[in-house]
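*Asks:* Any chance you can model this:
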Amino acid sequence: MSTRTRRLAVALLVVLAACWGTYQWLASEFRQAKDRRDLHNLTRSLPWANETLLVPDAVRHETDAMAWANAGSFKVTFRKGPQVGGHGPMIEYAMHRKEEDGSEPVDVVSCGATKIVTCTDLGHGLRQVVTHDTDSSDPALALYQDAGSLLITVRGYDGPLDVSLLRDILAHTHRPTDDELLSLLRPPGYQTDWS
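*Replies:* I've put the predicted structure just below:
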């Protein structure tokens, strides 16, 4: 191979490498822009900034965790497990915005619904709520934590659970990264209007 042919081959390889690098950079920028837009679309109805959201530490170890956000609440659901002798309970951790008068949010079972729930004050703004098996409800155990303008709830059902498990979930939370929040909120197959 002549010197000129080698130089041409090297120049072609350099151009191809530059094109490939540019393509990779553009693809990465597109993915990041899409992720930012998806995160904004999935959280824009929340009454709080994303930086104030909390998720249970246990979510990091569960592959089935999902989250929902709306104008009144942020919810994370996952199966806590595995447990000995079967599967663990379903856990729903939620941050609810209280009503303007400070009363409980409308999407939370009120302790006033005595035919459906039994409530026990555990002190320090914490209540244990047992939901009974009725025509309009399934049995569950929950803890409600009064947190100023928020009501934080952790509820378990469909598996073995006790108050200590719910207390542990309530006590061990973290602020999710944007990537973690997006992976919880974005369902499989989620499409934006420009994806």
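*Asks:* mind checking how far the residue positioned nearest the centre of the chain is from Gly125?
*Replies:* Nearest to the mean C-alpha position of the chain, counting by C-alpha atoms, centre = their mean, stands Ala67 at 3.6 Å. As for Ala67, its distance to Gly125 is 24 Å (criterion: C-beta to C-beta, to the nearest Å). C-beta coordinates here come from the backbone N, C-alpha and C atoms, glycine included.
*Asks:* Any regions of the chain where pLDDT drops low?
*Replies:* Applying pLDDT under 70 to the chain flags residues 1, 26-28, 81-86, 106, 114, 136-137, 191-195.
*Asks:* Next, work out how far apart Asp107 and Leu12 are.
*Replies:* According to C-beta to C-beta, Asp107 stands 62 Å off from Leu12.
*Asks:* Name the residue in the two with the higher neighbour count.
*Replies:* Shown here are Asp107 and Leu12; by other C-beta atoms under 10 Å, Asp107 has more neighbours (13 against 10).
*Asks:* who's in contact with the more buried one?
*Replies:* 72-73, 96 (C-beta atoms under 8 Å, 6 or more residues apart in numbering).
*Asks:* can you pull out the helices in this protein?
*Replies:* 3-43, 163-171, 178-185 (DSSP state H).
*Asks:* Tell me what angle the longest one forms with helix 178-185.
*Replies:* What that stands for is helix 3-43. Computed by axes from the mean of the first three to the mean of the last three C-alpha atoms, to 10 degrees, the angle separating helix 3-43 from helix 178-185 equals 60 degrees.
*Asks:* So which elements touch helix 3-43?
*Replies:* Using 3 or more C-beta pairs under 8 Å, 6 or more residues apart in numbering; DSSP states H and E, the elements in contact with helix 3-43 are helix 178-185.
*Asks:* Quickly note the distance from the closest residue to Asn50 other than its chain neighbours to Val10.
*Replies:* Nearest non-adjacent residue to Asn50, counting by C-beta to C-beta, 6 or more residues apart in numbering: Thr43, 5.6 Å away. Per C-beta to C-beta, Thr43 is found 49 Å from Val10.
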